[in-house]
Structure formats: structure tokens, C-alpha cells
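# below is the sequence, then the predicted model.
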Amino acid sequence: MRVLYLLNVSNSSQLSADSGYTFADLLAPALTDAGAEVTVASPVPVGDARVHFAPTVSPSTKYRARFDPGMDALVTLIRDRRPEVVVANQIEAAPAIRAALLEAGVDALIAGYCHYLPFSFTDTGVLALDPAMNDRSLSRSVLLAFAAGLAACDRILVHSSTAASWTTAAAARTGVDLGDKLHIVPAPRDVRLVRDPADITPPEGRATGIYNHRLYRHYGTARFTQLARRLVADAPVRLTVMDLFGTRSPERIRLDPSPERHLEELATTDGVTIASDRGDRIRYRNLLAGAHFGIAPFRSGCPWSMSVIDCQAMGLPVIGPRTGWLAEHIDHELLFDTDEQAVQITERLATDAEFYLVHAKRAYASTAHLTPAMVAARYLEAIK
């Protein structure tokens with residue numbers, strides 16, 4: 001099977017902060033091991049030389065990634081590679097891919113992977129558009145472009161049951177019949193970030209938590225900052241907050257300056273340490289290994305989080321708000337609705353060794369089915 005994997009890299013200078021790139025870097029070699037011939041079309045190649053590379057230009061903004069698929073380049077690429085399957089990791093590009101296949105005279109299946117949903121649903125079933133896509137009121141246009149992409153795909157892959165439910169509901173509301181196209185294929189865990197729980201020592205009365213998510217406003221960073229202050233004041237806890245972006249371009253800051261503002265606020269909070277892995281996965285592993293538990297993002301309607309999986313594969317219990325995929329995936333004893341509940345959970349993780357070790361083992365076990373080989377098998381089954 002010849003697979004052309006179209007990968008949008010949002011920040012090629014900070015690849016460690018791009019979960020889509022990490023996904024491809026882990027999955028493409030596993031697909032190759034399983035017998036597929038994979039070409040990754042991306043601004044940067046993946047790390048395995050067996051995976052073919054077709055260089056593309058990184059879109060300068062998140063809106064260009066959705067509304068400017070580059071038809072001329074697509075047609076040329078498709079004619080050159082003659083794929084049997086085209087993977088669209090930007091769902092909104094699927095109609096253009098369909099048109100490019102037609103123009104190139106190539107009959108290939110289009111598989112869309114929903115790495116990011118520009119919407120969510122509340123507990124009462126209300127459709128909520130993503131505020132991160134709402135500059136100049138663009139969020140509804142993004143939703144409709146996403147729906148058009150779903151209609152153009154032959155296969156649609158999502159990370160979780162939560163994402164499947166929301167995608168199905170959004171498609172129905174926009175008049176798109178998914179039929180039997182939808183498949184749940186979770187993301188692979190990073191083989192470099194796996195630690196046997198038997199090697200973990202529980203905290204002795206004081207614990208270090210790590211928050212390793214993007215500091216955008218729409219990730220609920222203000223809500224996390226509120227909790228962070230409460231935890232370091234009222235629980236035997238210190239926190240490490242990851243600076244995943246470093247120095248961003250002026251264009252990206254102009255579009256959304258919230259990460260810089262939140263980072264500055266967190267950096268002045270007593271009991272909070274700002275850390276960076278500098279794009280080094282070994283350094284990132286060491287930062288995770290130096291923590292005792294992780295904190296999930298407060299992003300409304302979170303459909304999946306690679307950073308949560310990173311912590312859990314390292315045997316770190318992750319606490320999180322009872323929302324979206326987090327409520328589906330995280331152990332119910334570690335979910336909270338209020339700051340008070342979060343304080344109680346972290347106090348117990350810090351002081352109750354038996355409770356801590358039980359949840360360290362459960363965290364690790366929750367990622368056992370996410371090896372690259374197992375995920376690649378599910379991926380190929382979905383796109384055949």
C-alpha cells in the first residue's frame with residue numbers, strides 16, 4: 001500500500017510542541033514495518049530514513065492551513081507519488097485533495113485524521129465553536145470547512161470515543177452522513193517516554209506536579225493558573241510548568257499573545273517553576289521522571305492529549321477536570337470538579353504511598369495498547 005501522508009506542521013522550529021509531528025514520527029516507521037510504503041509530505045522529515053520525504057511549505061497561520069491547501073502543489077505531488085491512500089491530517093483540506101486527485105487522474109482513497117476538532121459539545125448537547133478559531137468570527141466558517149472535509153473523506157479517523165461522538169453529532173448538524181466511514185484509532189505513545197511502574201518511588205509527604213500543555217488561552221490556562229495558586233498554597237505540592245514554545249514569531253504572537261501573558265504570570269507565582277526541554281526528548285523524559293503526577297489541561301471539550309499520554313506512559317498519575325475525553329480516559333478517583341477536590345487528590349497522592357503506587361500502575365496500564373506497532377495495525381485496518 002502506497003500511503004501519502006500530508007502533514008501540517010504548525011511550528012517547525014519547535015517540533016517537540018507539535019503533537020501532529022510527533023504522531024507522524026512514531027506512526028510512519030511503524031506503518032513501514034507493517035509493509036506500507038509511506039511518503040510524508042511535510043516541511044520537515046520524520047526521523048526514520050525508510051520513510052520517504054516530500055518537502056512542503058509550512059503555512060504561516062492556522063487559517064492558511066485550513067483555507068489555503070495549495071492545489072498546484074497537491075496535483076504535482078499526487079502525480080509524482082501515485083498514492084493508493086492519501087492521509088489528510090488537516091480535514092478541511094480534503095475537498096481540495098479530492099479535486100487534486102481528479103485533476104491528476106489518480107484514484108486514491110482519502111483518509112482524514114481528526115487530530116483537532118474545531119468544536120465541542122456541552123453536557124447538555126449544545127454545540128460549542130472553538131474560540132481559538134474565532135478571530136474575526138471565523139469559527140463557523142472553520143466548522144463548515146471541517147464538515148466539507150468530512151464529506152470528502154472515504155475514511156475518518158478519530159482519537160477517542162468522545163471525539164467519535166462529537167464528530168458524528170457535528171456531521172449530522174451540518175448535513176453530512178458519515179455512514180460507516182468513522183473509525184477510532186488512538187495516537188501511539190512515545191517509545192522514549194515509557195517507564196516501568198516498578199521503578200517508581202512514591203513521594204514522601206511532598207509531591208511535584210507537572211503541567212506540560214500549550215499555554216494558549218483556549219487551553220484553559222487562566223483556570224489552571226487559579227488552581228496552581230491554590231495547590232502550592234494549600235497542598236504539599238510544587239509545580240513545574242513547561243514552556244513548550246520558547247520564542248515565537250511576531251506573526252504568531254500578533255495572532256494570539258496569550259501564551260506569553262500566561263507564562264509571565266505563572267513565572268511570578270511562588271511554588272511554580274518554569275522549565276523547557278529545549279526540543280530534546282531525553283531532557284523532556286528527565287523532566288517527567290522528576291515529577292510525581294501530571295495535570296491535564298482545562299481545555300473545553302478536550303478530545304485527546306498527547307501530553308497526558310506522555311505522563312501516564314512514564315507511570316505518572318494524571319489529575320484532571322471532569323470534561324471531554326479526560327472524563328473518559330482518566331481514572332475516576334483522579335477527576336475533579338472543584339479546586340477543593342483537586343487539593344484533596346494531590347494531598348493523597350503526596351502522602352498515601354499505596355494510593356500513589358496503585359494509580360501509577362493504572363496510569364501506565366492505560367497506555368499499554370498504544371505501542372506504535374499496535375496503533376499502526378489499527379490504522380492500516382481502518383484505511384484499507
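Here it is on my side, so go on.
# relative to the whole chain's centre, how far out is the lowest-mean-pLDDT helix or strand in the chain?
Within the chain, confidence by mean pLDDT, DSSP states H and E is lowest for helix 250-255 among all helices and strands, at a mean of 80. Using Cα atoms, centre = their mean, to the nearest Å, the mean C-alpha position of helix 250-255 is found 22 Å from that of the whole chain.
# alpha carbons of that helix, as PDB, please.
As requested, the backbone C-alpha atoms of helix 250-255 are provided in PDB (Å, rounded to 0.1, in the frame of the first residue of the first chain):
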ATOM      1  CA  PRO A 250       6.000  38.000  15.800                       C
ATOM      2  CA  GLU A 251       3.200  36.800  13.400                       C
ATOM      3  CA  ARG A 252       2.100  34.100  15.800                       C
ATOM      4  CA  ILE A 253       2.300  36.400  18.800                       C
ATOM      5  CA  ARG A 254       0.200  39.000  16.900                       C
ATOM      6  CA  LEU A 255      -2.500  36.400  16.200                       C
END
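# check which element follows it along the chain.
Per DSSP states H and E, the first helix or strand lying C-terminal to helix 250-255 is helix 258-267.
# give me the contact list for that next one.
The contact list for helix 258-267, computed with Cβ atoms under 8 Å, 6 or more residues apart in numbering, reads 214-217, 221-222, 225, 228, 241, 243, 245, 248, 253, 272, 274. Just so you know, the C-beta spots here come from the backbone N, C-alpha and C atoms, and that holds for glycine as well.
# ok, 7 Å please
214-217, 221, 225, 228, 241, 243, 245, 253, 272, 274 (Cβ atoms under 7 Å, 6 or more residues apart in numbering).
# again, but for stretch 24-41
With contact meaning Cβ under 7 Å, 6+ apart, stretch 24-41 is reached by 1-7, 46-48, 50-54, 56, 77, 81, 188, 190, 372-373, 375-377, 379-380.
# which positions within it qualify as buried?
24-32, 36-41 (16 or more other Cβ atoms under 10 Å).
# cool, and stretch 189-206?
189, 190, 193, 194, 195, 197, 200, 202, 203.
# and what of stretch 111-131?
Applying 16+ other Cβ under 10 Å to stretch 111-131 flags 111-121, 129-130 as buried.
# ok, the contacts of helix 258-267 vs residue 350, which is closest?
Comparing the contacts of helix 258-267 against residue 350 with Cβ to Cβ places residue 228 closest, at 15.4 Å.
# which residues touch the closest one?
By Cβ under 7 Å, 6+ apart, residue 228 lies in contact with 239, 266, 269, 272.
# surely the first one meets residue 272?
Yes. Counting by Cβ atoms under 7 Å, residue 239 does reach residue 272; the two are 4.9 Å apart.
# that older thread, quick one, which of the contacts of stretch 24-41 are buried?
Of these, these count as buried by 16+ other Cβ under 10 Å: 3-7, 46, 51-52, 54, 56, 77, 81, 188, 190, 372, 375-376, 379-380.
# where does pLDDT dip in the stretch 1-150 of the chain?
Along the stretch 1-150 of the chain, the model assigns pLDDT under 70 to residues 12-13.
# OK, contacts around the nearest residue to residue 78 once chain neighbours are set aside?
Nearest residue to residue 78, sequence neighbours excluded (Cβ to Cβ, 6 or more residues apart in numbering): residue 104, at 4.3 Å. The contact partners of residue 104, taken as Cβ under 7 Å, 6+ apart, are 75, 78, 79.
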